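Student: Sequence first, then the predicted structure:
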Amino acid sequence: MITSLSSWKRLEQLATEKKSDSILSYFRLDSLRLRKYTFRACDCYFDFSKNLLVDDVFSALLQFAKERNLADEIKRMFNGEAINTTEKRAVLHTALRSKKSTINVDGENVVPLVNAELEKVRVLSEKIRSGEWVGFSGKPITDIVNIGIGGSDLGPAMVTQALSAYSHPQLTMHFVSNVDGTHLWETLKKCNQETTLFIVASKTFTTQETITNALAAKRWILTATTDEHIAKHFLAVSTAIGKAKQFGITEDNIVGFWDWVGGRYSVWSSIGISIAISIGFEGFLQFLDGANVVDTHFEAAPFFENIPVIMGLIGMWYCTFLGYDSYAVLPYDQYLARFPAYLQQLDMESNGKSVTRTGENVTYKTGPIVWGEPGTNGQHAFYQLIHQGTRTIPVDFLVAKEGLSPYTDQHTILQANCIAQAEALLIGKNEETVREELKNNLNAELLIPHKVFEGNKPSTTIVYPKISPKTVGTLLALYEHKVFVQGILWDINSFDQWGVELGKQLASNVLPELQKSTSQRGTHDPSTTALISLLQRDDSGLKKEG
């Protein structure tokens, strides 16, 4: 067990010693602190200096990474070994953005396969962007509706929104994921059958939510045309070519990917075709290049200046040893409004595990709760809890050096707020300062306790040049590798997601009962049985109320 490692025991000791330390005092005691804990890499600036991190802690964390054989595990991933142990698969989303000529999986060089699918993405996206792709009435496509869920939705939806400043002026992108019919219905209200193209993104072409929505979309198209024209309005991203063809999609309009690309890591694959359609294929290549820059850094940089490693170590230090089980990502950039939601899946689906890679129960905390909203909106919502609540919540602030809008004064205000929030979390406001501010206030004694800020709240600040395809690729890859690092440190498999299966299995049992398509009543707990009775379509349970 990793808890028997000498570095683990050292970190436990340091956690007891350092938990009450003042981060601000670290600056006073070490004039070189800023130089030690700030880095320039991958065209970004990383300030880790406001964290509860000091030299002996950092040394122990680096030693722990060494004892966990992190360097070897990184090599194993990039070499295409089957590090997804429960599914016996390689984990090679990095191959999708690599510039290497040879990357082997089970003895096969996958680079030509990647390039072939990438070429399909180029051809199809350029056909749509140029207006060559027309619908059943001969009009060019104006609306693209991506139908997918999880990794087939969150990544493309987030990136497309983040890069909306670079989008095609005559194309509107939509993303439908929820099986709730409202999501599709409200989307289709904005579209026209003659000029709408659907992308059905499902590796197996069996995902219930996706196929249900795709069939509804097909019915919507057929209200205006006939079966022979379906192929003009559907494109598939799937490995199940046969099922996609049965649906009515021609093989030329099907692009694929591989089982060594996990869903939440698939935005770099043909799943990202909606991005290529929106910003152009060259922009998509820049997006891939931004990630490749991080891959190169992650593979080569020594751990003491390796950004994903440092991010992973700090996060593990907080979650496992200091007990900070919540963590906020706060982008001061409206383009990154969906970035926290994307990271929720990336982090919590990857590392929300309670057993080791060998199946033993863990005895320590893994996988923090990840959440956030863009600044400055969050300041008027939940920052109260971060500043004055009863729990310590580490924060990542993200901000662009340069904005894209013409309102440069507003971007400066945005930057000022970001920097000030990080400073406020660090320094707080003590009773003496508050008392001085309120010296002429008759209600001073009542107000003082409420206006004191404890401070000493840890944060990291990441400054990137500006939102661009390359920058967004860089940011995503940094967090991907951070999550990988933490999985290795915790000895868990970050690349399976069995936790999402049970609810799906049980839903398949409940559905026939709700539809009354079976006379058999399943064996359920009393609460579930009552809910099924309440929600059956005759509404009998609701009628009894009152």
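Tutor: Perfect, I can see it now. Residues are numbered from 1 along each chain as shown.
Student: quick one: the strands in this structure?
Tutor: 38-41, 44-47, 104-105, 108-109, 143-147, 172-176, 196-201, 234-237, 254-255, 326-332, 369-371, 395-400, 459-464 (DSSP state E).
Student: which residues sit against the third one?
Tutor: The set of residues external to strand 104-105 that reach it, using C-beta atoms under 8 Å, 6 or more residues apart in numbering, is Asn79, Gly80, Ala90, Leu92, Val110, Trp258, Trp260. All C-beta atoms are positioned from the backbone trio N, CA, C, and that covers glycine.
Student: Can you pick out the most distant pair from those?
Tutor: Asn79 and Trp258 (16.1 Å; C-beta to C-beta).
Student: Compare neighbour counts for those two and give me the winner.
Tutor: A direct count of neighbours by other C-beta atoms under 10 Å for Asn79 and Trp258 places Trp258 higher, at 19 against 13.
Student: What ranges does the stretch 401-546 of the chain have for its helices?
Tutor: Applying DSSP state H, counting those that start in this stretch to the stretch 401-546 of the chain gives helices spanning 408-427, 431-437, 444-451, 469-490, 501-515, 526-535, 540-544.
Student: so which of the contacts of strand 104-105 would you say is closest to Val134?
Tutor: Once C-beta to C-beta is applied, the member of those that ends up nearest Val134 is Trp258, at 31.5 Å.
Student: quick one on the thing from earlier: any chance of the contacts of strand 104-105 in a markdown table, plus pLDDT and distance to Gly181?
Tutor: Listed next are those as a markdown table, based on pLDDT from 0 to 100; distance: C-beta to C-beta, whole Å:
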| residue | pLDDT | distance to Gly181 |
| --- | --- | --- |
| Asn79 | 95 | 45 |
| Gly80 | 95 | 41 |
| Ala90 | 95 | 38 |
| Leu92 | 96 | 37 |
| Val110 | 96 | 39 |
| Trp258 | 92 | 32 |
| Trp260 | 94 | 34 |
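Student: list the contacts for Phe321?
Tutor: Per C-beta under 8 Å, 6+ apart, neighbours of Phe321: Leu11, Glu12, Leu14, Ala15.
Student: List only buried entries from those.
Tutor: Leu11, Leu14, Ala15 (16 or more other C-beta atoms under 10 Å).
Student: Mind checking which of those are in helices?
Tutor: Within the buried ones among the contacts of Phe321, residues falling in helices by DSSP state H are Leu11, Leu14, Ala15.
Student: dump the residue contacts of the first one.
Tutor: Contacts of Leu11 were listed using C-beta under 8 Å, 6+ apart, and they are Val57, Ala60, Leu61, Phe64, Trp317, Phe321.
Student: Of those, which is the nearest to Val463?
Tutor: Trp317 (22.6 Å).
Student: So what's the residue count around the residue nearest to the closest one when sequence neighbours are not counted?
Tutor: Spatially, and ignoring its direct neighbours in sequence, Trp317 is nearest to Leu61 (6.0 Å; C-beta to C-beta, 6 or more residues apart in numbering). By other C-beta under 10 Å, the residues close to Leu61 number 26.
Student: Just the closest of the ones in helices among the buried ones among the contacts of Phe321 to Ile532, please.
Tutor: Looking across those and measuring by C-beta to C-beta, the closest to Ile532 is Ala15, at 47.4 Å.
Student: Go ahead and confirm the closest one touches Leu322.
Tutor: Yes. Using C-beta atoms under 8 Å, Ala15 is in contact with Leu322, at 5.6 Å.
Student: what's the spacing between the closest residue to Gly256 other than its chain neighbours and Trp260?
Tutor: Closest residue in space to Gly256, ignoring its immediate chain neighbours: Thr239 at 4.9 Å, by C-beta to C-beta, 6+ apart. Thr239 sits at a distance of 11 Å from Trp260 (criterion: C-beta to C-beta, to the nearest Å).
Student: More neighbours: the two, which one.
Tutor: Legend: neighbour count by other C-beta under 10 Å for Thr239 and Trp260, higher for Trp260 (21 against 18).
Student: The more buried one: what's it in contact with?
Tutor: Counting by C-beta under 8 Å, 6+ apart, Trp260 touches Gly80, Arg89, Ala90, Val91, Leu92, Ala95, Val105, Val110.
Student: ditto for Ala291
Tutor: Here Ala291 is in contact with Thr94, Arg97, Trp268, Gly473, Thr474, Leu476, Ala477, Glu480 (criterion: C-beta under 8 Å, 6+ apart).
Student: what's the pLDDT at it?
Tutor: Looking at Ala291, its pLDDT reads 98.
Student: Check the one 4 residues further on too.
Tutor: According to the model's per-residue confidence, Asp295 sits at a pLDDT of 98.
Student: Reformat the strands of the chain as CSV; add distance to Leu285.
Tutor: Listed next are these as CSV, based on distance: least, C-beta to C-beta, whole Å:
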stretch, distance to Leu285
strand 38-41, 22
strand 44-47, 20
strand 104-105, 23
strand 108-109, 21
strand 143-147, 19
strand 172-176, 19
strand 196-201, 19
strand 234-237, 18
strand 254-255, 16
strand 326-332, 24
strand 369-371, 29
strand 395-400, 22
strand 459-464, 19
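Student: of the contacts of strand 104-105, closest to Ile277?
Tutor: The closest of the contacts of strand 104-105 to Ile277 turns out to be Trp258 (C-beta to C-beta; 21.7 Å).
Student: hang on, isn't the closest one packed against Thr239?
Tutor: Yes. Here Trp258 reaches Thr239: they are 7.2 Å apart, a contact under C-beta under 8 Å.
Student: What sits closest to Gln497 if chain neighbours are left out?
Tutor: In this structure, Gln497 finds its nearest non-sequential neighbour in Glu349, 5.1 Å apart by C-beta to C-beta, 6+ apart.
Student: residue contacts, the one you found?
Tutor: Contact partners of Glu349, counting by C-beta under 8 Å, 6+ apart, are Gly150, Arg264, Gln497, Gly499, Val500.
Student: quick one: Gly272 and Phe284 touch, right?
Tutor: Yes. Gly272 is in contact with Phe284 according to C-beta under 8 Å; the separation is 6.4 Å.
Student: what's the overlap in contacts for these two?
Tutor: Common contacts of Gly272 and Phe284 (C-beta under 8 Å, 6+ apart): Val121.
Student: Identify the residue spatially nearest to Leu535, adjacent ones excluded.
Tutor: Using C-beta to C-beta, 6+ apart, the closest residue to Leu535 is Leu514 (6.0 Å).
Student: correction: Val395
Tutor: Ser459 (4.3 Å).
Student: Give me the below-cutoff pLDDT ranges for the protein.
Tutor: 537-546 (pLDDT under 70).
Student: mind redoing it with 90?
Tutor: 1, 203-204, 239, 500-501, 504, 509, 515-523, 533, 536-546 (pLDDT under 90).
Student: circling back: quick check: which of the strands of the chain is nearest to Ile279?
Tutor: The nearest among the strands of the chain, by C-beta to C-beta, is strand 172-176 at 9.9 Å.
Student: Can you pull out the residues in contact with that closest one?
Tutor: 142-148, 153, 156-157, 160, 167, 183-184, 187, 190-191, 213, 217, 274, 277-278.
Student: still on that earlier bit, can I get the contacts of strand 104-105 in a markdown table including distance to Asn292?
Tutor: Shown next, in a markdown table, are the contacts of strand 104-105 (distance: C-beta to C-beta, whole Å):
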| residue | distance to Asn292 |
| --- | --- |
| Asn79 | 17 |
| Gly80 | 16 |
| Ala90 | 18 |
| Leu92 | 13 |
| Val110 | 16 |
| Trp258 | 18 |
| Trp260 | 17 |
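Student: ok, those vs Pro374, which is closest?
Tutor: Leu92 (32.0 Å).
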